[in-house]
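K.L.:
coordinates for the following, if possible.
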Amino acid sequence: MSIIALFNAAKDYFEARRTNQVFRHLDDHYLKDIGFYRDNGHIRPISGASHDENELHQKNIIPPGEQPSDS
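P.N.:
Here you go, the predicted structure:
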């Protein structure tokens with residue numbers, strides 16, 4: 001893992017931790033009003049998937065010349 005990837009992972013962790021601390025006291029209705037929801041004690045954004053979920057659901061695209069034949 002490169003040092004830049006390590007710094008980015010640490011930044012993401014601390015941002016998520018700070019979000020949880022700031023929004024922990026809010027009611028679920030207020031969280032929804034500002035675009036967040038509570039999931040197992042964590043505060044998550046409503047719109048879009050997280051970066052990790054996007055990587056899991058990416059499809060492998062094979063160029064037309066390299067696709068397997070049907071025969």
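K.L.:
after the helix or strand harbouring Ala9, which helix or strand is next? Please name it.
P.N.:
Using DSSP states H and E, Ala9 maps to helix 3-23. Using DSSP H and E, the helix or strand that follows helix 3-23 towards the C-terminus is helix 28-33.
K.L.:
follow-up on the earlier one: which helices and strands does the helix holding Ala9 pack with?
P.N.:
Here helix 3-23 touches strand 42-45, going by 3 or more CB pairs under 8 Å, 6 or more residues apart in numbering; DSSP states H and E. For the C-beta atoms, the positions are set from N, CA and C on the backbone; glycine is no exception.
K.L.:
give the pairing partners of the strand it packs on; include direction for each.
P.N.:
Strand 42-45 has the following strand partners under DSSP bridges: strand 36-39 (antiparallel).
K.L.:
now the partner strand: buried residues?
P.N.:
Neighbour counts over strand 36-39 (16 or more other CB atoms under 10 Å) mark Phe36, Arg38 as buried.
K.L.:
in space, what's closest to Asn20 - neighbours in sequence excluded?
P.N.:
Take Asn20 and drop its neighbours on the chain: the residue closest to it by CB to CB, 6 or more residues apart in numbering is Ile43, 5.1 Å away.
K.L.:
and that neighbour, what's its pLDDT?
P.N.:
Model confidence at Ile43, given as pLDDT, is 82.
K.L.:
which residues does it bridge with?
P.N.:
Taking DSSP bridges as the rule, Ile43 bridges to Arg38.
K.L.:
so it touches Arg18, yeah?
P.N.:
No. Using CB atoms under 8 Å, Ile43 is not in contact with Arg18, being 10.1 Å away.
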